[in-house]
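Enquirer: this is a predicted model, with the sequence first.
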2 protein chains.
Amino acid sequence: MSDSLCCPSVVDAALTPEEAAELAEVLAALADPVRLRLFSIVAARGEVCSCELEEPLGRSQPTVSHHTRVLAQAGLLAGERRGRWIWWSIAPGRLQALRRALGGAP
Amino acid sequence: MSDSLCCPSVVDAALTPEEAAELAEVLAALADPVRLRLFSIVAARGEVCSCELEEPLGRSQPTVSHHTRVLAQAGLLAGERRGRWIWWSIAPGRLQALRRALGGAP
DNA sequence: CTGGTACATTGACGGCTGTCGATCAGTAGT
DNA sequence: ACTACTGATCGACAGCCGTCAATGTACCAG
């Protein structure tokens, strides 16, 4: 996926199919209750390893791995391997870019 | 669906399953390229009737009807019947509430 | 090297979603 | 009433998505 998500706002003018597809990808990554909770847990704690997510989410380890992968591919989560663990944090700027694409003030 | 979408922000604290489910509904409504373009067309023109949407979206009349319905049920679009036509406009406040739920400034 | 731990991948299953053709319901004009 | 037009609904189909058990991979301690 591109890294832009910068220029067009939904409320300014009709989106091109390409712009819409790119925006939809990011929105789809957040449009799941489990991923929203996962994301908010990471945001609240700053840094979380995968193994700390299974219990609060009530999902199996493969499912948690699947969701972290989706959020990371959407550019919303950043993962860093430290030894056996992967520490997840909020990818800076991406959420703000999303809000701007949704018509938020620059 | 509730009409709130007011209080919790994804970045402030861990969302409850109920808060996450409600937010996910609105995000899912926007997480489709066709609906994003539909929404942006309505936003750009102010008011559009359904019959003016089929051509720019390249979708059949039942499909357009399906998408307007999804957006309206999510509280993002408002429809008003005038004669044979239904005029669609952006539901005020809903998008701003979504941005706030995504951590935007109040 | 052996065993254990953290995470990824695979395969399978059920459910949801986008799409269209066909049909139905409501409105307006003749 | 009849016709024409806008929009909703239904039925069906293909494709995608969330989920988990099983298995694979990478890393560390001993």
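Expert: Everything's here; your move.
Enquirer: isn't residue A:102 right next to residue A:15, touching?
Expert: No. Counting by CB atoms under 8 Å, residue A:102 stays clear of residue A:15, with 11.7 Å between them. C-beta: built from backbone N, CA, C; applies to glycine.
Enquirer: quick one, which of those two is more surrounded?
Expert: Shown here are residue A:102 and residue A:15; by other CB atoms under 10 Å in any protein chain shown, residue A:15 has more neighbours (25 against 19).
Enquirer: list the contacts of the nearest residue to the more buried one once chain neighbours are set aside.
Expert: Using CB to CB, 6 or more residues apart in numbering or on different chains and skipping the chain neighbours, the partner closest in space to residue A:15 is residue B:40 (4.5 Å). Counting by CB atoms under 8 Å, 6 or more residues apart in numbering or on different chains, residue B:40 touches A:10-15, A:20.
Enquirer: looks to me like residue B:40 is in a helix.
Expert: Yes. Applying DSSP: H, G, I helix; E, B strand; the rest coil, one finds residue B:40 inside a helix.
Enquirer: buried stuff in stretch A:30-47?
Expert: A:30-43 (16 or more other CB atoms under 10 Å in any protein chain shown).
Enquirer: I meant to write stretch A:98-105 there.
Expert: Going by neighbour count (16+ other CB under 10 Å), the buried part of stretch A:98-105 is A:98-104.
Enquirer: up against DNA strand D, what does chain A have?
Expert: Counting by CB under 7 Å from any atom of the strand, the residues of chain A close to DNA strand D are A:28, A:32, A:34-35, A:58-63, A:66-67, A:70, A:81, A:83-84.
Enquirer: from those, which two are the most distant?
Expert: Based on CB to CB, the longest span within the residues of chain A next to DNA strand D runs between A:28 and A:83 and measures 32.4 Å.
Enquirer: these two: which is more packed in?
Expert: Between residue A:28 and residue A:83, counted using other CB under 10 Å, residue A:28 has the larger neighbour count: 18 against 7.
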